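Dropping the sequence and predicted coords here.
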Amino acid sequence: MEHEPLAGPMHAGHRNDARKAWQLPRDFGGSLRATGESAEMAVDDQAMTFEQSVQAAIELDAPLNERLAVVAAAVRRLNSEFADAVDRLVERLERQGAGAMAPSPGEPMPGFLLPDEEGRLVSLAEILAKGPAVITFQRGHWCPYCRLNAIGIVEVQRQISELGGQVVAIIPERRRFAKAMKTAVGAQFPFLIDMDNGYALSLNLAIWVGAEMERLMGLGLDVPNYQGNSSWFLPIPATFIVGTDGIITHRFVDPDYRRRMDIDDLIASLKLAR
């Protein structure tokens, strides 16, 4: 699973490094394999395994949400029962207004003090002292959508740095899994550990996946082991752009974890933050 982290600014070579194959949990079918095809051709191949579809999405030169859609299509093609259950989960969350009460633009971003993947405590104040921040919530190292989201941010690390921006990813997993994800995607930014989803809960971002999804996910994922608890709570993936004054300037909150803030929108929002 582990790759060498990126050691310098993102250029074409580093962009390719960020898109190298990474290994999903064994239950998803083992390590990814090169297809020998262009990403566009691979995406059209209905005989592809799930792992090959994810790798094709990683390699695809397209906006983030188009790459995420490749993964969603592969899930539906290969496991329609799971895809239908996700649709029902999203419908329930949207009906309940999940995430709607999370902090909004114009409001202060609540402070935090969370350990990073090395165990060092990191505060929001410390981050904002260096520049405006991108704060992104991810479900876990096992989630291919989160991997793609993180890779998309890694690909623009240099541009974010040139804008004076900071990035932190917040993940509700034990340190070893957070560290593995950071290494796998080649991130230079920290992955902060939100044990028991405490910070996400305080932002009205944590949701119970529901009995149906708990059963289906439990067939292949050991989420209780990853998180160190058996609650089956996950954060709604969300991204906040926060100015150095601590005020949120932009946010993306969507109970459908198959959609994320596109990278171009992230950069445009960061340019407007101070």
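Received it, and whenever you're ready, just let me know what you need.

From here on, just use CA atoms for contacts and neighbour counts.
Noted.

Can you show me the strands along this protein?
Taking DSSP state E to define them, one finds strands in the chain at 113-115, 121-123, 133-137, 166-171, 191-193, 206-208, 233-235, 238-242, 248-253.

Of those strands, flag the one that's most buried.
strand 191-193 (a mean of 28; mean count of other C-alpha atoms under 10 Å).

which outside residues touch that strand?
Identification of contacts with strand 191-193 by C-alpha atoms under 8 Å, 6 or more residues apart in numbering yields 114-117, 122, 168-175, 178-179, 182.

Find the residue at the geometric middle of the chain.
By C-alpha atoms, centre = their mean, the mean C-alpha position of the chain lies nearest to Cys146, the distance being 2.8 Å.

How about the contacts made by the closest residue to that residue other than its chain neighbours?
Spatially, and ignoring its direct neighbours in sequence, Cys146 is nearest to Gln138 (5.7 Å; C-alpha to C-alpha, 6 or more residues apart in numbering). Neighbouring residues of Gln138 by C-alpha under 8 Å, 6+ apart: Cys146, Ala169, Ile170, Ile171, Pro172, Pro235, Ile236, Pro237, Ala238.

is it possible to export those residues to a markdown table including distance to Ala74 and pLDDT?
Conversion of the contacts of Gln138 to a markdown table gives the following (distance: C-alpha to C-alpha, whole Å; pLDDT from 0 to 100):
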| residue | distance to Ala74 | pLDDT |
| --- | --- | --- |
| Cys146 | 16 | 98 |
| Ala169 | 26 | 98 |
| Ile170 | 27 | 98 |
| Ile171 | 25 | 98 |
| Pro172 | 26 | 98 |
| Pro235 | 23 | 98 |
| Ile236 | 22 | 98 |
| Pro237 | 20 | 97 |
| Ala238 | 23 | 98 |
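
Make a markdown table from those and add distance to Ala57 to it.
Output for the contacts of Gln138, formatted as a markdown table (distance: C-alpha to C-alpha, whole Å):
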| residue | distance to Ala57 |
| --- | --- |
| Cys146 | 12 |
| Ala169 | 21 |
| Ile170 | 23 |
| Ile171 | 22 |
| Pro172 | 25 |
| Pro235 | 23 |
| Ile236 | 22 |
| Pro237 | 19 |
| Ala238 | 21 |
